[in-house]
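In: Predicted model and sequence follow; I will ask about them next.
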Amino acid sequence: MLSFPATCMALVISLTAGAQQKKDIIFKGKADPKYNGEKMQLYNNKTGETDSAVIVNGGFELHASYTEPTRYMFASNYEAKTKGGYAPFGIVVEGPGTVRIDADIASFSKSKVSNAPAHEAVQWYNQQTDLLDGKFEAALIKKYGKPDLFTNRAYDKEEWYKDVEHAYDSAGDAHSNQVMEVMVRKYPNSIGAAYLMSVRSGSLPLSLQEELYGLFKDRVKQSSYGKSTLELIEARKYSAIGQTAYGFTMNNELGKAVEFASFRGKYVLIDFWASWCGPCVASFPKLKEVYEQYKNKGFEIVGVSTDKSEAAWQTAVKKYLNPWPQLHDTQNIAGKFFAVKMLPTTYLIHPDGKIVARDVHAEELGAKLSELLKQ
């Protein structure tokens, strides 16, 4: 066997290292020059990477190191300061190179992306669902005779507006499911399609979700998003109505291990939440009302935090003082066995341990318990 000279080997190692260092992703943005001086942010919660850039002469450039297919998130400081926050916008990338962004700095989620093959499916999905949602919004505006139906926040406090929100949410799920099916059949080799399946396919009929997953090419199934989609499918089987809820054990705020099985014999609402989740916190006052009414009638709530930070969870427990057991999920039990992709997510469990319902809102909980306890 020929021996490789040490100097040549060192040169190869040096060249290889150099090539690896050059495996970067460049996000090159074009913006209206009137936004010159405004700052753009890039972040990735999975890899921990961050970058920022100031818009100069109608352009900006952000950098990241490529390691595996993933989704990079972007934030416009201008949007955040003018709207009091920003709509999250992500780009799925599956290789090094230059991704181009035709940026809408005022509403960054409306930006157009090119030269990102994995993102094509995501962009197509967003366009199609926006089209369907827009038509439905127009129909609701016509029905209620209110041009400001979706912009006037004062309506949020009106009782009739709950019907609008329910109708819009139901239609949104239907639109997503409709477009999701077409998208996977159109883009079976897309990592971006797998990303969407992993986070937004939970309302699809389980049999259809499995069928669509089966259409993915092997390389897509082997990606982190392909694996997450399969995990979601398995979690939905574990957490289907009528199944016995997974018997987890988690620590409470005092560090004591608590077994979920210890609550057998009562109706139990598992409330998956996090300290950073606004809708979760907003539901607490109503949950406290229902808890006070039914806690001595065979009902319990178990709060399960999905916070990554124990300190953030402990601080929230002390801040909100919810009078029911508080547990911290450090093993992704929420995702693996309860198919939790959005917060808050709730499960109502029968005294025998079987799942009765999912996503019972705080406003509906009292009526649901009243009905069940009469049986």
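Out: Alright, I've got the coordinates. Residues are numbered from 1 along each chain as shown.
In: what residue ranges in the stretch 51-200 of the chain score low on pLDDT?
Out: For the stretch 51-200 of the chain, no stretch has pLDDT under 70.
In: got the domain boundaries for the protein?
Out: 23-115, 120-238, 249-373 (automatic domain parsing).
In: Now do the last one: distance to the chain's middle.
Out: Looking back up the chat, that one is domain 249-373. 19 Å (Cα atoms, centre = their mean, to the nearest Å).
In: Now that domain: average pLDDT?
Out: If you average the pLDDT over domain 249-373, you get 95.
In: picking that back up, would you turn the domains of the chain into CSV with mean neighbour count?
Out: C-beta here means a position set from N, CA and C on the backbone, and glycine is covered the same way. Below are the domains of the chain laid out as CSV (neighbours: other Cβ atoms under 10 Å):
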stretch, mean neighbour count
domain 23-115, 16
domain 120-238, 16
domain 249-373, 17
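In: Strands of the stretch 201-350 of the chain, start to end?
Out: Taking DSSP state E, counting those that start in this stretch as the test, the strands found in the stretch 201-350 of the chain are 249-252, 257-259, 267-273, 299-305, 326-328, 345-349.
In: Please identify the pairing partners of the fifth one and their relative orientation?
Out: Strand 326-328 has these partner strands in its sheet, going by DSSP bridges: strand 249-252 (antiparallel), strand 299-305 (parallel).
In: Nearest to W324 among these would be which one?
Out: Taking Cβ to Cβ, strand 299-305 is the member of those nearest to W324, at 3.9 Å.
In: Contacts for that closest one, please.
Out: Residues from elsewhere that reach strand 299-305 (Cβ atoms under 8 Å, 6 or more residues apart in numbering): 250, 260, 263, 266-275, 287, 291, 313, 316-317, 322, 324-329, 333-334, 369, 373.
In: For E234, which of the strands paired with strand 326-328 is the nearest?
Out: strand 299-305 (19.1 Å).
In: Reformat the strands of the stretch 201-350 of the chain as TSV; add distance to V356.
Out: Formatted as TSV, the strands of the stretch 201-350 of the chain follow (distance: least, Cβ to Cβ, whole Å):
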stretch	distance to V356
strand 249-252	21
strand 257-259	20
strand 267-273	8
strand 299-305	12
strand 326-328	20
strand 345-349	5
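In: mind checking how far the residue nearest to A167 when sequence neighbours are not counted is from K186?
Out: Spatially, and ignoring its direct neighbours in sequence, A167 is nearest to L140 (6.7 Å; Cβ to Cβ, 6 or more residues apart in numbering). Distance of L140 to K186, computed by Cβ to Cβ, to the nearest Å: 29 Å.
In: could you pull out the helices for the chain?
Out: Ranges of helices in the chain, per DSSP state H, are 6-21, 77-83, 120-144, 161-186, 191-200, 206-215, 218-221, 224-238, 278-294, 310-320, 333-338, 362-373.
In: just checking, what packs against the fourth one?
Out: Here helix 161-186 is seen to pack against helix 120-144, helix 191-200, helix 206-215 when contacts are counted using 3 or more Cβ pairs under 8 Å, 6 or more residues apart in numbering; DSSP states H and E.
In: what's the distance between that helix and the middle of its chain?
Out: That offset, for helix 161-186, works out to 16 Å (Cα atoms, centre = their mean).
In: again, but for the shortest one
Out: The offset between the C-alpha centroid of helix 218-221 and the centroid of the whole chain comes to 22 Å, using Cα atoms, centre = their mean.
In: quick one: contacts for N251?
Out: Under the criterion of Cβ under 8 Å, 6+ apart, the contact list for N251 reads 257-258, 327-328, 330.
In: Kindly apply the preceding question to C280 instead.
Out: The neighbourhood of C280, defined by Cβ under 8 Å, 6+ apart, consists of 271, 273-274, 343-344.
In: That one - nearest residue in space that isn't next to it in sequence?
Out: Among residues not flanking C280 along the chain, W273 sits closest, at 3.8 Å (Cβ to Cβ, 6+ apart).
In: Relative to G242, how far out is the one you found?
Out: 25 Å.
In: again, but for E181
Out: 26 Å.
In: re the thing from before, distance to K81 for the helices and strands packed on helix 161-186 - can I get that in TSV?
Out: Putting the helices and strands packed on helix 161-186 into TSV (distance: least, Cβ to Cβ, whole Å) gives the following:
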stretch	distance to K81
helix 120-144	25
helix 191-200	28
helix 206-215	40
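In: Cool, thanks, signing off.
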